[in-house]
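Structure for the following, please:
(one chain, ligands or ions: 1)
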Amino acid sequence: MAVRALRGAIQIDENSRDAILEGTTELINAVMDRNTITTDDLISVIFTATPDLDAEFPAYAARQLGFTDVPLLCTTEIGVPGAMPRVLRLMAHAEIDRPRSELHHCYLRGAAALRRDLPQ
Ligand SMILES: O=C(O)C(=O)C[C@]1(C(=O)O)C=C[C@@H](O)C=C1
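Just a heads-up that it's a prediction; the model follows:
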């Protein structure tokens, strides 16, 4: 079984608990659905939030979705001056028997502008 890395990002509207939980849920669901994987396939998930998002841990949304036995970690993205604000990112490692070229990395809402080189 191959280990693959999946990336995703979403820009949210505000630094509130609801916005972080809703945005994280949308992002996780997009990555899982587009790559047709379940929590059983996941090895670990790392979340980052830009320094302007501190109202909730994105991992809390993942646990609410049932990621109870998946190792999770939240950390802060580098605060590069001028970088896009209010962005939640994830990096998931999963067991997927497909070539890297068939994976779907998900950049949602305003975050689509971060990786225009990727097919949407
Ligand atoms: O992929 C993203 O989310 C980006 O913002 C792009 C990028 C990059 O330059 O490759 C920049 C910062 C992130 O930590 C990861 C990757």
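
Poorly predicted segments of this structure, please.
The model of the chain has pLDDT under 70 over residues 120.

Strands along that one, start to end?
With strands called from DSSP state E, the chain shows them at 3-11, 42-49, 72-76, 87-95, 106-108.

As TSV, these with distance to the ligand and mean neighbour count would be great.
Bear in mind the C-beta positions are built from the backbone N, C-alpha and C, glycine included. Shown next, in TSV, are the strands of the chain (distance: least, Cβ to the nearest ligand atom, whole Å; neighbours: other Cβ atoms under 10 Å):
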stretch	distance to the ligand	mean neighbour count
strand 3-11	4	19
strand 42-49	7	20
strand 72-76	10	14
strand 87-95	5	21
strand 106-108	7	22
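
With respect to Asp33, which of the ones you listed lies nearest?
strand 106-108 (9.0 Å; Cβ to Cβ).

related to what we said a few turns ago, closest one to Pro58 among the strands of the chain?
Short answer: strand 42-49, nearest of these by Cβ to Cβ, at 3.9 Å.

what pairs with that closest one, and is each one parallel or antiparallel?
strand 72-76 (parallel), strand 87-95 (antiparallel) (DSSP bridges).

middle-most residue in this protein, spatially?
The structure's the chain has its C-alpha centroid closest to Leu90; by Cα atoms, centre = their mean the separation is 2.8 Å.

Quick one: residues contacting the closest residue to Val70 other than its chain neighbours.
Excluding the flanking residues, the one nearest Val70 by Cβ to Cβ, 6 or more residues apart in numbering is Leu42, at 4.8 Å. Contact partners of Leu42, counting by Cβ atoms under 8 Å, 6 or more residues apart in numbering, are Phe67, Val70, Ala92, His93, Ala94.

Give the buried residues for the biggest helix by length in the chain.
Counting residues, the longest helix found in the chain (DSSP state H) is helix 17-34. Neighbour-count burial for helix 17-34, counted by 16 or more other Cβ atoms under 10 Å, picks out Ala19, Ile20, Leu21, Gly23, Thr24, Thr25, Glu26, Leu27, Ile28, Ala30, Val31, Met32.
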